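[1] Sequence unavailable; structure follows:
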């Protein structure tokens, strides 16, 4: 389900290999409640653990202690292997070790594990997760401005164009000409391809969502029917069911040979750029407040709407081919 949600905007992530864990006896976290009997009641268990909002580590231990034990478990996994491992296999083993220790130390809560893995995805998997401030731009050559245009500037210009703001007006606001823009518009995507962590891509998505607040876009006028005065756009930002419905409708439209993005523009006046920006906001909120039951609920709703719109588009096109077949 989570993979399908990401596909609404950025595409799916590669699934990690799974390996059966082995017992370990590397000690327990520093915890004032360590000697107390563990209460098996789920509600009391949830109340017992508290987590750092940035790292998602439990506050009842130190990150240093956790890393020490997790690395010990990782070494046990390596020692238990009979054949040489590729670097990817080693990475998978290390991630599995971190998962095991985290679950053992934090109440075996799978939703909390998901939050931890997203908050530390660069360290654990080498890939950045949208919605978490993992990307460090300072001192990283990949984030240096290109012809004076930062990644935030680039995202703002791209967003402005999706709003119908003329290219000439945008380039004037950012102080560049079309020749410079042509190079910028090639080089930033190239840097995204060069970044193996996908950090630039994740940061670009965050900046694209925040583009309306860019100071150089203030005062620039989008085309009629687009932009913040669209009541449908405002509903898309605040009504999760409406957002999931349009995701389902867009998917169904593509399945029936229609341009899903254009269908949303024609019927609701919401541009592709605005839709992507809102999708990024919903995805970020989902990542930061991960709840598998809630995610499943909304994905089921989106699938229900996809089927409804698929029926609608089929009828508009004369019905499905299979409708005329009798068994």
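    Perfect, thanks for sending it. Here the structure is a predicted model, which means the values were calculated and not measured.
[2] Help me confirm that residue 302 comes into contact with residue 249.
    No. Residue 302 is beyond contact range of residue 249, at 9.5 Å (criterion: Cβ atoms under 8 Å). Every C-beta, even on glycine, is put in place using the N, C-alpha and C of the backbone.
[3] Which pLDDT value belongs to residue 193?
    On pLDDT, residue 193 comes in at 85.
[4] meant to ask about residue 26
    32.
[5] And stretch 210-225, how far out from the chain middle?
    Distance of stretch 210-225 from the chain centroid (Cα atoms, centre = their mean, to the nearest Å) equals 24 Å.
[6] who's in contact with that stretch?
    Stretch 210-225 is contacted from outside by 152-153, 155-156, 158-160, 163-165, 169-170, 173-174, 228, 269, 277, using Cβ atoms under 8 Å, 6 or more residues apart in numbering.
[7] Which among these count as buried?
    The neighbour-count test (16 or more other Cβ atoms under 10 Å) marks 152-153, 155-156, 158-160, 163, 165, 170, 173-174, 269, 277 as buried among the contacts of stretch 210-225.
[8] Look at residue 205 and say how many residues are nearby.
    24 (other Cβ atoms under 10 Å).
[9] Out of the contacts of stretch 210-225, which sit inside helices?
    Among those, the members falling in helices (DSSP state H) are 152, 153, 155, 156, 158, 159, 160, 169, 170, 173, 174, 277.
[10] which non-adjacent residue is nearest the last one?
    Spatial nearest neighbour of residue 277, chain neighbours left out: residue 209 (4.5 Å); criterion: Cβ to Cβ, 6 or more residues apart in numbering.
[11] separation between residue 149 and residue 276?
    20 Å (Cβ to Cβ, to the nearest Å).
[12] With residue 83 instead?
    With Cβ to Cβ as the criterion, residue 83 and residue 276 are 45 Å apart.
[13] more crowded one of those two?
    Neighbours were counted for residue 83 and for residue 276 using other Cβ under 10 Å; residue 276 has more, 20 against 5.
[14] wait, that one sits on residue 208?
    Yes. Contact criterion Cβ under 8 Å: residue 276 and residue 208 qualify, at 6.7 Å.
[15] Next up, the contacts around the nearest residue to residue 244 once chain neighbours are set aside.
    Nearest-residue entry for residue 244: residue 302, 4.1 Å, with adjacent residues in sequence omitted and distances by Cβ to Cβ, 6+ apart. The contact partners of residue 302, by Cβ under 8 Å, 6+ apart, come to 4, 244, 245, 247, 248.
[16] 6 Å - rerun?
    244, 247, 248 (Cβ atoms under 6 Å, 6 or more residues apart in numbering).
[17] how about TSV for these, with pLDDT added?
    Below are the contacts of residue 302 laid out as TSV (pLDDT from 0 to 100):
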residue	pLDDT
244	96
247	95
248	95
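[18] Out of the residues you listed, which is nearest to residue 115?
    Residue 115 lies nearest to residue 244 out of the contacts of residue 302, by Cβ to Cβ, at 21.6 Å.
[19] What's the local residue count around residue 237?
    16.
[20] So it, which state does it fall into?
    helix (DSSP: H, G, I helix; E, B strand; the rest coil).
[21] Setting aside sequence neighbours, what's the nearest residue to it?
    That would be residue 278: by Cβ to Cβ, 6+ apart, it lies 5.5 Å from residue 237.
[22] What is the neighbour count of residue 53?
    For residue 53, using other Cβ under 10 Å, the count is 9.
[23] Kindly report the same for residue 84.
    6.
[24] before we move on, what about residue 293?
    So residue 293, with other Cβ under 10 Å, has 7 neighbours.
[25] so how far is residue 159 from residue 124?
    31 Å.
[26] ditto for residue 144
    In terms of Cβ to Cβ, residue 144 sits 21 Å off from residue 159.
[27] Over to residue 309?
    27 Å.
[28] now swap in residue 181 and tell me
    Distance from residue 181 to residue 159, by Cβ to Cβ: 14 Å.
[29] And residue 109, by the same measure?
    In terms of Cβ to Cβ, residue 109 sits 37 Å off from residue 159.
[30] Ok, residue 79 next?
    As defined by Cβ to Cβ, residue 79 lies at a distance of 51 Å from residue 159.
[31] Over to residue 265?
    Distance from residue 265 to residue 159, by Cβ to Cβ: 16 Å.
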